[in-house]
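Enquirer: Take this sequence and fold it.
(one chain, ligands or ions: 1)
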Amino acid sequence: MQFDTVIHGGTIATADYTAKGDIGIKDGRIAALAETLSGGERRIDAGGRIVVPGGIEAHAHIAQESSSGVMSADDYLSGSISAAFGGNSSFIPFAAQQRGQSVDDVIATYDARAARSVIDYSYHLIISDPQPKVLEDELPRAFARGITSFKVFMTYDLMNLGDGGMLDILSVAREHGAITMVHAENNDMVKWMNRKLADKGLSAPKYHAISRPELAEEEAINRAIQLAKLVDAPLFIVHVSTEGGAEIVRREKFNGAKLFAETCPQYLALTRDDLDRPGMEGAKYICSPPLRDARTQDTLWHHIAMGTFESVSSDHAPYRFDDTGKFLNGRDAPYPKIANGMPGIAARLPYLFSEGVVKGRITIEQFVALSSTNAAKTFGCETKGRIAPGMDADIAIWNPETRRTVTVQDQHDNMDYTPFEGMEVTGMPEIVMNRGAVIIEDGELKAKEGQGRFVARQPADLRAKPGWTAKEFDPAQNFGAVLR
Ligand SMILES: [Zn+2]
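Expert: Numbers count the residues shown, from 1 in each chain. I've put the predicted structure just below:
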């Protein structure tokens, strides 16, 4: 066979094994794997390098208005470029329904925004208004188009659906083979804490971390899982940030729930002390759930190594340190009025490689699973996340020895800061490919605007997740065993 490209002499790392070998690419797909392959219009020498599936970023806010109306600093062009520099070949940002908006309209809006992407993309659909026509008509149409994941919120007044609303979404999603993602924090606990702090006049950024207790996350994670179990629906807990939350996830996975979860680099690399930096610097570190403490970092790493989490995702939510972003409500706004979120789409994989693989906390195979393979399985990207014949040639070639200091410039996003500034990392993606096309090489962008394509996705891979049936309600029968 005549290959378009042969990647030669590298160490191929997958979620299951690592071996030296060559990869032959033809028409954008992996056509052959062998000890050595000859030919190739282009031969890439990967000697001394590690060849992995291109990252799949499963949690990013791109060209998205927050519920309070702030537009993220990155659009699909800058966001996808930043992702590519960080070793990603595809990503799944959110398409967010505002209350009253039809889902068809949401998808059309994001289709137009995403047309600029340099990497392949899909969307998770954020549902804030599950009216009957949304549940009966519009969501099934979205699934049919290959949008097989939703996100719901248990917090924020404008987003929170209540437990009944969540059950409606979970059961509709289950019926159509979709997975529901949830931001789990107890809304009333947070509001109550906000009131207590406001009564005392405590409004500096550092109080953001106090206002969202670990217990608020633990309680909501547990509640979300019990709701999903009642209707035996697949559930994905986003950005787990607490020891208690991670332990509940681990226990319920063991019990068989169709449960998936992720954590993010910011909860591993930063702590609530970063919110107490001088002046308003702490505003850069406001995200929800908030940063925790050093003990939590160690525990979350342990859970990563032990398999509690499918993925480590960035939760890239870029708001600049100026009046368009963090300070939309003024330079001295109290913490609840400061835009919520931090960037990290380019930093995710270098951080995970350096602190995880290089420091010996996880294996290279785990790195591949956490960065790509599991996201492909969880979110139904059938042709991605693996290096095997027939798969898309989405590949990243890492130099495991390059050392550098993280700067805002090398994030290649539209941001004016990175929370990871100054961090020393070892290991860097030198070449990144999307469907066989080199998109990053020698620190330069080789992709053209708009060359990314929409990925129609399949249902989540539930093969190792037996599920859980409540005595009183069997969703397959639509009533419970006790009624029979
Ligand atoms: Zn998020």
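
Enquirer: only C-alpha atoms for contact and neighbour calcs from this point on.
Expert: Noted.

Enquirer: need the strands for the stretch 1-150 of the chain, in chain order.
Expert: 5-13, 18-26, 29-34, 42-45, 50-53, 55-60, 88-96, 120-121, 124-126, 149-153 (DSSP state E, counting those that start in this stretch).

Enquirer: And stretch 372-389, what's buried?
Expert: 372-388 (16 or more other C-alpha atoms under 10 Å).

Enquirer: Return the distance of it from the chain's centre.
Expert: 14 Å (C-alpha atoms, centre = their mean, to the nearest Å).

Enquirer: returning to what we had before: Serialize the strands of the stretch 1-150 of the chain to a markdown table and add fields for distance to Gln477, mean neighbour count and mean pLDDT.
Expert: As requested, these are exported to a markdown table (distance: least, C-alpha to C-alpha, whole Å; neighbours: other C-alpha atoms under 10 Å; pLDDT from 0 to 100):
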| stretch | distance to Gln477 | mean neighbour count | mean pLDDT |
| --- | --- | --- | --- |
| strand 5-13 | 44 | 23 | 98 |
| strand 18-26 | 45 | 21 | 98 |
| strand 29-34 | 42 | 19 | 98 |
| strand 42-45 | 56 | 14 | 98 |
| strand 50-53 | 41 | 28 | 98 |
| strand 55-60 | 33 | 28 | 98 |
| strand 88-96 | 32 | 27 | 98 |
| strand 120-121 | 36 | 22 | 98 |
| strand 124-126 | 28 | 23 | 96 |
| strand 149-153 | 24 | 25 | 94 |
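
Enquirer: so which of those gets nearest Leu230?
Expert: Proximity to Leu230 (C-alpha to C-alpha) singles out strand 149-153 among the strands of the stretch 1-150 of the chain, at 17.1 Å.

Enquirer: who touches that closest one?
Expert: 123-128, 159-161, 166, 178-184, 379 (C-alpha atoms under 8 Å, 6 or more residues apart in numbering).

Enquirer: Kindly export it (C-alpha atoms) in PDB.
Expert: Extracted C-alpha coordinates of strand 149-153, given in PDB (Å, rounded to 0.1, in the frame of the first residue of the first chain):
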ATOM      1  CA  SER A 149     -24.600  14.100  25.700                       C
ATOM      2  CA  PHE A 150     -26.400  16.700  27.800                       C
ATOM      3  CA  LYS A 151     -25.400  18.800  30.700                       C
ATOM      4  CA  VAL A 152     -27.500  20.000  33.500                       C
ATOM      5  CA  PHE A 153     -26.800  22.100  36.600                       C
END
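
Enquirer: tilt between that strand and strand 88-96?
Expert: Here the directions of strand 149-153 and strand 88-96 differ by 50 degrees (axes from the mean of the first three to the mean of the last three C-alpha atoms, to 10 degrees).

Enquirer: Tell me the helix or strand right after strand 149-153.
Expert: helix 162-176 (DSSP states H and E).

Enquirer: what's in contact with that next one?
Expert: So helix 162-176 is in contact with 130, 135, 140, 143, 152, 154, 179-180, 227-228, 231-234, 475, going by C-alpha under 8 Å, 6+ apart.
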